[in-house]
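> return atomic coordinates for the entry below.
(chains A, B, C and D)
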Number of protein chains: 4
Amino acid sequence: MLMPKAKVAIVGATGFTGSELLRFLPSHPNIEIIAVTSESYKGQLTSDVHPFLSAHIDFPLVSANKIPGLKPDIVFLALPHGVSMDYVEKWHKEPFKIIDLSGDFRLDKASTYEEWYKKSHHFVEGFKDSAYGLPELHRERISRSNLIANPGCYPTVSILSLLPLLAHNNFDQASDIIIDAKSGVTGAGAKAKELNHYSNVNENFRAYGIKTHRHSIEIQQQLSEVADRTLSIQFTPHLLPVDRGILATCYIKNPKKITDVKLKSMYSEFYNNEPFVRLREQIPAIKDVRGTNFCDIHVTSDDRTGNIIAVGVIDNLIKGAAGQAIQNMNLVLGLEETAGLQHVALRP
Amino acid sequence: MLMPKAKVAIVGATGFTGSELLRFLPSHPNIEIIAVTSESYKGQLTSDVHPFLSAHIDFPLVSANKIPGLKPDIVFLALPHGVSMDYVEKWHKEPFKIIDLSGDFRLDKASTYEEWYKKSHHFVEGFKDSAYGLPELHRERISRSNLIANPGCYPTVSILSLLPLLAHNNFDQASDIIIDAKSGVTGAGAKAKELNHYSNVNENFRAYGIKTHRHSIEIQQQLSEVADRTLSIQFTPHLLPVDRGILATCYIKNPKKITDVKLKSMYSEFYNNEPFVRLREQIPAIKDVRGTNFCDIHVTSDDRTGNIIAVGVIDNLIKGAAGQAIQNMNLVLGLEETAGLQHVALRP
Amino acid sequence: MLMPKAKVAIVGATGFTGSELLRFLPSHPNIEIIAVTSESYKGQLTSDVHPFLSAHIDFPLVSANKIPGLKPDIVFLALPHGVSMDYVEKWHKEPFKIIDLSGDFRLDKASTYEEWYKKSHHFVEGFKDSAYGLPELHRERISRSNLIANPGCYPTVSILSLLPLLAHNNFDQASDIIIDAKSGVTGAGAKAKELNHYSNVNENFRAYGIKTHRHSIEIQQQLSEVADRTLSIQFTPHLLPVDRGILATCYIKNPKKITDVKLKSMYSEFYNNEPFVRLREQIPAIKDVRGTNFCDIHVTSDDRTGNIIAVGVIDNLIKGAAGQAIQNMNLVLGLEETAGLQHVALRP
Amino acid sequence: MLMPKAKVAIVGATGFTGSELLRFLPSHPNIEIIAVTSESYKGQLTSDVHPFLSAHIDFPLVSANKIPGLKPDIVFLALPHGVSMDYVEKWHKEPFKIIDLSGDFRLDKASTYEEWYKKSHHFVEGFKDSAYGLPELHRERISRSNLIANPGCYPTVSILSLLPLLAHNNFDQASDIIIDAKSGVTGAGAKAKELNHYSNVNENFRAYGIKTHRHSIEIQQQLSEVADRTLSIQFTPHLLPVDRGILATCYIKNPKKITDVKLKSMYSEFYNNEPFVRLREQIPAIKDVRGTNFCDIHVTSDDRTGNIIAVGVIDNLIKGAAGQAIQNMNLVLGLEETAGLQHVALRP
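Numbering: from 1, shown residues only, chains lettered A, B, ... in the order given. Below is the predicted model:
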């Protein structure tokens, strides 16, 4: 029996996450794109804004106002923080489901948002209905929700790297976690600024947002909920001279001295059925997952120091953004979770 | 009606072109891979040699000697120059067709090969039967041939950039052509050597093989055949600090002062039905075609100097190697020419 | 006998050429910096704008208006095209000498400037007095001049690569020259724009300014003057994914079939006493000259095609800008030409 | 009064640390190079092996056996681990002083060396006489010693980033330290191997040597000695896609809740007179110190988590190798500590 294709709209097509949705969705077997929006480029074609897309697909860019009239099943919001909530507010009674790639509904409540995002939040009801869109953690809830808050890129890889530990009662005494994460430049957006001038990034490397990065609290809230106690997450991001990819090196004490073998089998059991998590004997590199929705993880314990070290890698624009959003869409629509996401890494 | 899938074998899976065939072929809708070979790694799995392939596909690596017994329809040879001819010689009476990605059968005759490759050639019959596998130039012949000599990476983009000019009688007086080409590092192979040590390539750029590069004669022979006179091709390759991509800047006199408009329409007509050639108003960049089988071309004439300048870009491992080999396979098997090759560029 | 140090001022310290002058001049043995200016950052220190300079030198940034009162001997203008001429006009009767790093006085006359720079020129007298600051070509004139037009980066390496040929009567029949040049990103300036966003440059390569780049006419004028006939220069620049460095590949017909040996000895004789030109048997790479004032050149003739190919490399910010400006200053002040410029390349 | 220049020999000129000594030493005002050795290239010139050095300096490469007869004052050993100890053994009664850039004498005793380096040590006396060559920690001892064990690159930046804390009695309870460090490729040496093939490094990032890297124990021994108790150092190195530079992000608990202001003033006091340590309000980037002997450090405390975070950067080939070796030579010879080391960072 042939299923009718689900109708999908993309709001905000000019940034990196928008163009990434446009790279992936046209070849998805179960959906059709019914609208792509841009307020600044409306009237032009997607191939005018992204010439590399020409000859594949092409969509006229329309205003987001047209969306409700087109009766989509799913609307992706690929918009900046603070702008997304306007659309969620305006559309929360519409019959379509929203997958929001911004940070506007990822945290537990408006006051936490305001503290870490330094912005006021004007649609607090959104927090009640939303699901945090990490399928490996909230698969059930996501499939029932009308508003999916697609996770941040750093939180995705950080949470997946530590999840089996914190879900396990062997670790009920470990509370101090250090996550030292390194991301490619696309995490900072497509707009030209001093920070992403080629000569400031190339042959360079720096930490940024020490103590203050918003993803600190996102990771802390999710992992604390899993562990059922308040964890303290020290999260430090760094800027890598690459386009794509995040590697997170995570450190936590090993209070009950679990052996390396046991540790690896805890992870294997936990991720046994996950299509997008690959446990690795070798330490993974970001290029192993470039262009894919995979999260590769290596975990080990150091008997000398009593620490456990977990290293995870993702493509920040895919498992850290657009790919995970499509994985969430698949869940919401009851499709095969891997549909449209079976890409092989671009190596070399 | 469901067609049975064609049986395909890959000889030499450890180099860049071999791993690129492994990235592409498993998702091709009309073929199945029946064998992947490696003499040095036989007994291991493809994912042992290429960890980024794990979770997608996996094949045991076997010796090439097993191939004939498996009755393949198509055999790809992803082997070094000088080694390919051994297999072509051994297998030329077998019922399968061979697509050879080396340079062993690209030139017109053994003596030219020996002059430019500084190697003796011991299977001269191969030259008679082989087709030069550039579909835009020899589509008919390819589809009938038992041995396809898949073109070099530089020749592919150079020939495609100049082909409409030399096929046109307006250019019967222009004979001096300069092709200044720049390639990513994967063109030099996967084996570690001083030349491709990171610190010799990164933040660096150099010309190499001035006057002597083997692709000079390959380009010259093909374009001279098209033009029906002996051309003089000055070809200079350079090494770019990128993984993938070639850009060729081609210069030729414009003796009959064809206008820019006419020039562009000559190109449009010539490439009208080609699925993998995109003519571009803007000057193309290598990232526009990264991960794809496209060749993007921009052409213009300079009234001040009387020159025509054509700039072409390809992904050297795809349109310049594995992708073109698959395009040739599609022709040989009578499949849709774009089957298994409809990838979108990885940008950013 | 101890000479008093010459007094030097730098106008415009925030761009790449300004900061490069600040990297070099403080360790110059015969000069002292008496003022560094910035209109936008006045009141701050040079180390506020360029933190990497802290602990070495530090200068308060002042307005350019203060310069004449400080009685400098030499004033460097590190300003954009079109802004420099304002200062030259205002200060052309002052007793100090001006070394202008912009393109405002490099061409032969205002009308040529206006045609190629698409800007009106309001100080035409400047053209009369100025010297084109390529010491290898105009050493005498530079040392006597009050206004030095420091050459463009592309013209420096292009002219030096071809100069011995065009100065020699064996080449009085060759008029068509093709210069295919490739530059690092710093050539496009320090200001953030879409063009120099990391993800547009990294893993990428493109041509730009085909037919229209201003350096075409600068090269053509200088080389035509040397050859004493009107040459036709086809100049194509490309953007390399590196910070610094230009490589120019230059092509010219070899009408009298000069041998490779003779060609190399022509170059050796011509550059015999030049402290900053190194002739190379191997093809040079841009990293060989990174951080230095050298221009490395390799030249060869191709008997098969009848072409001569010359490949030159420089650091675009040094021999292509600030270093050459200091070399010119040394000439103007009667100092050792290499004073303050004896740096070794940063390799790796 | 003119001092006679000290006589210096470099053993092992072909690797990265040897070529870096050759970049620096010829312009040092108080020494002269009397010999440069290479067993594999003897008879050639340094400029044959390192073409970028031509026109500056040139030395014939001789066998190391010639060194004692030339009566040097200082001998630098730029040799691999395990090879250095042969020369130290052979020469330890010679009148010259040895600065060893390998790891052979950095640890406290032979058994520790054998455990971490997986190599037997055959000159245990060396450990008694040697000084660990970190001037900021052992200045006095270095100046009196005949054998200087020049520190590892990672230990240099890690120790300097944490030293003021561990030297202070406010931190007598903190014992668990995490050092997450990231290095450019030159740290892995000049020899071509799979690991440093351009396509394995470029656009890539990975951790390596988790739990087992030799620099773990070097850092732990030095910091434990400073703290006067046994610390537990978790050290994780990563490979950055850049040529030069290390950034170390260091984490330690802040048990007595020292404020940010106090913390910064502790550091300021500690490093008050150090010529090569710069404390930074902004988070430093590796390009800020590229080409220099500086170590830039930023330190801050996070009240939310109770951690102190210190971020340090160095150029691994300079402060992490050749520059520090020259700084040690200056101490040994009683010269100005900054002599020959006053370079400005190559930015951009």
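> now the closest residue in space to residue A:28 that isn't next to it in sequence, what's its secondary structure?
What sits nearest to residue A:28 in space, not counting adjacent residues and going by C-beta to C-beta, 6 or more residues apart in numbering or on different chains, is residue A:340, at 3.2 Å. Placement of C-beta: from N, CA and C, glycine included. Reduced to three states with DSSP: H, G, I helix; E, B strand; the rest coil, the structure at residue A:340 is coil.
> surely residue A:68 is in contact with residue A:92?
No: with contacts defined as C-beta atoms under 8 Å, residue A:68 does not count as touching residue A:92, sitting 11.6 Å away.
> rewinding a little: do you know how far the residue nearest to residue A:28 is from chain C?
Taking C-beta to the nearest C-beta, to the nearest Å as the measure, residue A:340 falls 24 Å from chain C.
> please apply the same query to residue A:9.
Computed with C-beta to the nearest C-beta, the distance linking residue A:9 and chain C is 26 Å.
> got the contact list for that residue?
Contact criterion C-beta atoms under 8 Å, 6 or more residues apart in numbering or on different chains gives A:33, A:34, A:35, A:36, A:37, A:67, A:70, A:72, A:74, A:75, A:76, A:96 as the residues in contact with residue A:9.
> which SS state does residue A:291 fall under?
The local conformation at residue A:291, judged by three-state DSSP, is coil.
> ok, residue A:18 - contacts?
Residues A:10, A:12, A:36, A:78 are the ones in contact with residue A:18 under the rule C-beta under 8 Å, 6+ apart.
> show me which residues of the stretch 151-300 of chain A are close to chain D?
On the criterion C-beta under 8 Å from any C-beta of the partner chain, chain D has as its neighbours in the stretch 151-300 of chain A the residues A:176, A:178, A:180, A:182, A:199-200, A:203-208, A:210-211, A:232-234, A:236, A:238, A:240-245, A:247, A:249, A:251, A:283-287, A:290, A:300.
> out of these, which are close to chain C?
By C-beta under 8 Å from any C-beta, the members of those lying near chain C are A:199, A:200, A:203, A:241, A:242, A:243.
> thought the fifth one was touching residue A:185?
Yes: assessed by C-beta under 8 Å, residue A:242 is found in contact with residue A:185 at 7.1 Å.
> need the residues touching each of the two.
Among the neighbours of residue A:242, those also in contact with residue A:185 (C-beta under 8 Å, 6+ apart) are residue C:202.
> now do residue A:318, the pLDDT please.
In this model, residue A:318 is scored at 98, pLDDT.
> which residues touch it?
Contact analysis of residue A:318 by C-beta under 8 Å, 6+ apart lists A:20, A:289, A:291, A:292, A:293, A:324.
> neighbours of the fourth one, how many?
Right, residue A:292. For residue A:292, the neighbour count with other C-beta atoms under 10 Å in any protein chain shown is 24.
> look up phi and psi at it.
Here the main-chain torsion angles of residue A:292 (degrees, to the nearest 10) amount to phi -130, psi 170.
> check contacts around it.
Counting by C-beta under 8 Å, 6+ apart, residue A:292 touches A:315, A:318, A:319, A:323, A:343, A:344, A:345.
> and the fifth one, what does it touch?
The contact partners of residue A:343, by C-beta under 8 Å, 6+ apart, come to A:291, A:292, A:293.
> okay but the first one is in contact with residue B:346, surely?
So that's residue A:291. Yes: checked against C-beta under 8 Å, the pair residue A:291 and residue B:346 is within contact range at 5.5 Å.
> who touches both of the two?
For the pair residue A:291 and residue B:346, residues contacting each of them under the criterion C-beta under 8 Å, 6+ apart are A:346, B:291.
> quick check: next helix or strand after the one helix or strand residue A:9 maps to?
For residue A:9, the host element (DSSP states H and E) is strand A:6-11. Downstream of strand A:6-11, the first helix or strand assigned by DSSP H and E is helix A:16-24.
> give the buried residues for that following helix.
Applying a neighbour-count criterion of 16 or more other C-beta atoms under 10 Å in any protein chain shown, one finds A:16, A:17, A:18, A:19, A:20, A:21, A:22, A:23, A:24 buried in helix A:16-24.
> what of stretch A:74-81?
Using 16+ other C-beta under 10 Å as the test for burial, stretch A:74-81 gives A:74, A:75, A:76, A:77, A:78, A:79, A:81.
> what of stretch A:317-334?
A:317-333.
> also stretch A:86-102?
Judged by neighbour count using 16+ other C-beta under 10 Å, the buried positions of stretch A:86-102 are A:87, A:88, A:91, A:96, A:97, A:98, A:99, A:100, A:101, A:102.
> excluding sequence neighbours, find me the nearest residue to residue A:143.
Using C-beta to C-beta, 6+ apart and skipping the chain neighbours, the partner closest in space to residue A:143 is residue A:331 (4.6 Å).
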